[in-house]
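Undergrad: pasting a predicted model and its sequence here:
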Amino acid sequence: MTDRPIRLGIAGLGRAFTLMLPTFTADKRVTLAGATDLRREARRRFESDFQAPTYDTIEALCDDPNVEAVYVATPHQMHASHVVAAAERGKHVLVEKPIAIRIEECDAMIDAVRRAGVQLVIGHSHSFNAPVLHARKLIESGAFGAVRMIHALNFTDYMVRPRRPEEMDTAQGGGVIFSQGAHQIDIVRLLGGGLVRSVRAQCGNWDPSRPTEGAYSALLTFADDVFASCTYSGYAHFDSDEFMGFIGEMGLPKDRSRYGAMRKALREANNSAQESALKAARNYGGSAYVPPAGAPADRRHQHFGSIIVSCERADLRPTADGVMIYDDDEIRLDPVPVPAVPRAEVIDEFYDAVVHGRTPLHDGEWSRATLEVCLAILESSRTHSEIALRHQVGSRGALP
Ligand SMILES: NC(=O)c1ccc[n+]([C@@H]2O[C@H](COP(=O)([O-])OP(=O)(O)OC[C@H]3O[C@@H](n4cnc5c(N)ncnc54)[C@H](O)[C@@H]3O)[C@@H](O)[C@H]2O)c1
C-alpha cells in the first residue's frame with residue numbers, strides 16, 4: 001500500500017474551498033498543487049500560502065502536468081463543463097455537491113470520466129459523515145431488521161445568508177433543493193438503500209425578494225413500501241440544531257448569542273452586488289476571511305439535522321457523537337470516533353478511488369440519482385403530482 005499524497009488542483013476558492021481547507025491542509029494524503037479562480041485576491045493568497053501556481057482558467061490548471069486531480073468547487077451550473085474539461089485532460093475529479101443541475105449534464109460527466117479512465121467522486125456531502133456511514137453498516141448487519149421508514153428534518157437560516165444572484169435563481173441551480181436537498185436526499189438514499197421509486201413533494205417559495213425555493217417537504221417511496229419524509233426549511237427562525245444538542249452542522253458547539261446574526265448582516269446589503277461582495281469577503285482571500293485556527297478540542301461529528309431510521313426491531317439516530325440505538329430493551333449510544341481531520345471521510349473515499357482504484361460510493365451514477373430526486377421534488381411541487389424515477393441505483397462502492 002502506498003501513501004503518496006494526491007497532487008490536487010483547486011477550481012474555485014470560494015465558500016466550499018474555505019470549508020474544505022482545514023481538511024486539505026491537515027490530511028497528509030493531499031498536497032495543494034495549483035488553483036484557478038476569478039478572484040485575483042484569492043489567487044494571490046493561494047500562491048503565497050501554498051507556493052503553488054494559479055491559472056486564469058480550469059483548462060490551464062488541468063494542463064499543468066504536476067496536477068493529478070482536481071477539486072471542482074465552482075458554482076453548480078459550471079460543474080458539468082469543468083468536470084468534463086478536467087476528465088478530458090486525464091485528471092481525477094472531486095466535485096462539490098450537487099453533481100450538476102440537469103440529468104443530461106450528469107450523463108456527459110459520467111461519459112467523460114469513463115472515456116478518460118479517471119475517477120469521479122461527488123463531495124463533500126453530509127452523507128460522508130462517519131455516523132451516517134456507521135448507521136448504514138448497522139442496517140447492513142441485519143441486527144435490527146429491515147428499514148421501514150426514515151424521517152429527516154433540518155431547519156436553518158440558509159435563505160438569509162449572503163448569496164450570489166444565481167443562488168436565488170432556480171434555473172441556475174439556486175434555492176435549497178439543489179444546495180441542501182443534495183445533502184439530505186443523499187443521506188436518506190444511503191440509509192434507505194438508494195432505490196427511490198417515486199416522489200411527492202411541495203416546495204415553499206415565500207420571499208418575493210429572494211424568488212427561489214427556500215423550503216420543501218417530500219415523501220419518497222422506496223421498494224417494499226419503505227418510505228421517507230424529508231423536510232427542510234431555509235427560512236427558519238427555529239434552529240433544529242437544538243435537536244442535536246446545540247451542535248452545529250460543522251460539529252462545533254453553537255454560540256447561541258449569535259442568534260439572528262445572519263439576518264442582521266444581510267440587512268446591511270442594499271443590493272445583490274453588495275450581497276455577493278459580503279459573501280466573497282468571508283471567503284478565502286477576502287477582506288473578512290479568517291483562516292482556520294486548528295481543530296478545537298470540543299469538535300464533534302458534522303451533521304445535517306435530525307435523521308431517524310425506523311427498522312423492524314429498533315430506531316437508529318445518527319448524532320454528533322455516533323448512532324443512538326433504541327431497541328426493544330434499551331437506549332444506547334454506539335459511539336463513533338471523531339476523525340482527527342475534519343471531513344477526512346471525503347479524502348478516505350477519494351484517495352481509495354484515485355490511488356487504489358476502488359469504486360467510490362459517491363460516484364457519478366449515485367449522485368445523478370440523488371439529483372434526480374431533487375429535480376423530482378421541484379417537478380412534483382410544480383405539477384401537484386407524484387413523480388416516478390428512472391435513474392436510481394444502489395451504492396456500487398463499498399462502505400469504507
Ligand atoms: N459541501 C459543502 O459543505 C459546501 C458548502 C458550500 C458550497 N458548496 C458547493 O460548492 C460550490 C460553490 O459554492 P460556494 O458557496 O463555494 O460559492 P462561492 O461563490 O463562495 O465560490 C465560488 C468560487 O468559484 C469562483 N469561480 C466562479 N466561476 C469560476 C470559473 N469559471 N473558474 C474558476 N473559478 C470560478 C468564484 O470566484 C468563487 O471564488 C457549489 O456547488 C456549492 O453547492 C458545498
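TA: Sure, I can see it.
Undergrad: alpha carbons only for contacts and neighbour counts from here, please
TA: Fine.
Undergrad: pLDDT below threshold where in the stretch 251-400 of the chain?
TA: Counting by pLDDT under 70, the stretch 251-400 of the chain shows low-confidence ranges at 294.
Undergrad: mind listing the strands for it?
TA: For the stretch 251-400 of the chain, the strands defined by DSSP state E, counting those that start in this stretch occupy 306-311, 314-318, 322-327, 331-335, 387-388.
Undergrad: what would those look like in CSV with distance to N270 and mean neighbour count?
TA: Formatted as CSV, those follow (distance: least, Cα to Cα, whole Å; neighbours: other Cα atoms under 10 Å):
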stretch, distance to N270, mean neighbour count
strand 306-311, 35, 21
strand 314-318, 40, 23
strand 322-327, 43, 20
strand 331-335, 47, 14
strand 387-388, 40, 18
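Undergrad: out of those strands, which comes closest to the ligand?
TA: strand 306-311 (17.0 Å; Cα to the nearest ligand atom).
Undergrad: what's the closest one packed up against?
TA: Packed against strand 306-311 by the contact rule (3 or more Cα pairs under 8 Å, 6 or more residues apart in numbering; DSSP states H and E) you find strand 147-155, strand 314-318.
Undergrad: redo the strands of the stretch 251-400 of the chain as JSON lines? Include distance to the ligand.
TA: Shown next, in JSON lines, are these (distance: least, Cα to the nearest ligand atom, whole Å):
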{"stretch": "strand 306-311", "distance to the ligand": "17"}
{"stretch": "strand 314-318", "distance to the ligand": "18"}
{"stretch": "strand 322-327", "distance to the ligand": "20"}
{"stretch": "strand 331-335", "distance to the ligand": "23"}
{"stretch": "strand 387-388", "distance to the ligand": "24"}
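Undergrad: nearest to P337 among the helices and strands packed on strand 306-311 would be which one?
TA: strand 314-318 (12.9 Å; Cα to Cα).
Undergrad: within the sheet, what are the partner strands of that closest one, with directions?
TA: If you go by DSSP bridges, strand 314-318 pairs up with strand 306-311 (antiparallel), strand 322-327 (antiparallel).
Undergrad: please export the C-alpha coordinates of that strand as PDB.
TA: What follows is strand 314-318 as a C-alpha-only set of coordinates in PDB (Å, rounded to 0.1, in the frame of the first residue of the first chain):
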ATOM      1  CA  ALA A 314     -35.100  -0.600  16.500                       C
ATOM      2  CA  ASP A 315     -34.900   3.100  15.700                       C
ATOM      3  CA  LEU A 316     -31.500   4.400  14.800                       C
ATOM      4  CA  ARG A 317     -30.500   8.000  15.100                       C
ATOM      5  CA  PRO A 318     -27.100   9.400  13.800                       C
END
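Undergrad: who does Y55 form a beta bridge with?
TA: For Y55, the residues forming beta bridges with it (DSSP bridges) are T36.
Undergrad: tally of neighbours for it?
TA: 17 (other Cα atoms under 10 Å).
Undergrad: what pLDDT does it get?
TA: Y55 is assigned 98 on the pLDDT scale.
Undergrad: correct me, but it touches R39?
TA: No. Y55 sits out of contact with R39 when judged by Cα atoms under 8 Å, with a separation of 11.1 Å.
Undergrad: looking at the helices and strands packed on strand 306-311, which is closest to V188?
TA: Smallest distance to V188 across the helices and strands packed on strand 306-311 (Cα to Cα): 7.1 Å, for strand 147-155.
Undergrad: so which of the strands paired with strand 314-318 is nearest C374?
TA: When the strands paired with strand 314-318 are ranked by proximity to C374, the top entry is strand 306-311, at 18.0 Å, counting by Cα to Cα.
Undergrad: tell me where this protein has helices.
TA: For the chain, helices defined by DSSP state H occupy the ranges 15-26, 40-50, 58-62, 79-88, 103-116, 130-141, 176-179, 181-192, 261-267, 272-282, 344-356, 364-383.
Undergrad: what's the burial count for the residue of the stretch 151-300 of the chain found nearest the ligand?
TA: Using Cα to the nearest ligand atom, the closest approach of the stretch 151-300 of the chain to the ligand is made by S179 at 5.0 Å. Using other Cα under 10 Å, S179 has 18 other residues around it.
Undergrad: which non-adjacent residue is nearest it?
TA: Ranked by Cα to Cα, 6 or more residues apart in numbering and with sequence neighbours excluded, the top spatial neighbour of S179 is P98, at 6.5 Å.
Undergrad: turn the strands paired with strand 314-318 into TSV, including distance to N283.
TA: Converted to TSV, these look like this (distance: least, Cα to Cα, whole Å):
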stretch	distance to N283
strand 306-311	28
strand 322-327	31
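Undergrad: which of those strands sits closest to V160?
TA: Within the strands paired with strand 314-318, the stretch nearest V160 is strand 306-311; the backing value is 21.1 Å (Cα to Cα).
Undergrad: quick check: the residue nearest to the spatial centre of the chain vs P5, distance?
TA: The residue at the geometric middle of the chain, judged as the C-alpha nearest the mean C-alpha position with Cα atoms, centre = their mean, is S125 (2.4 Å). When Cα to Cα, to the nearest Å is applied, the distance between S125 and P5 equals 22 Å.
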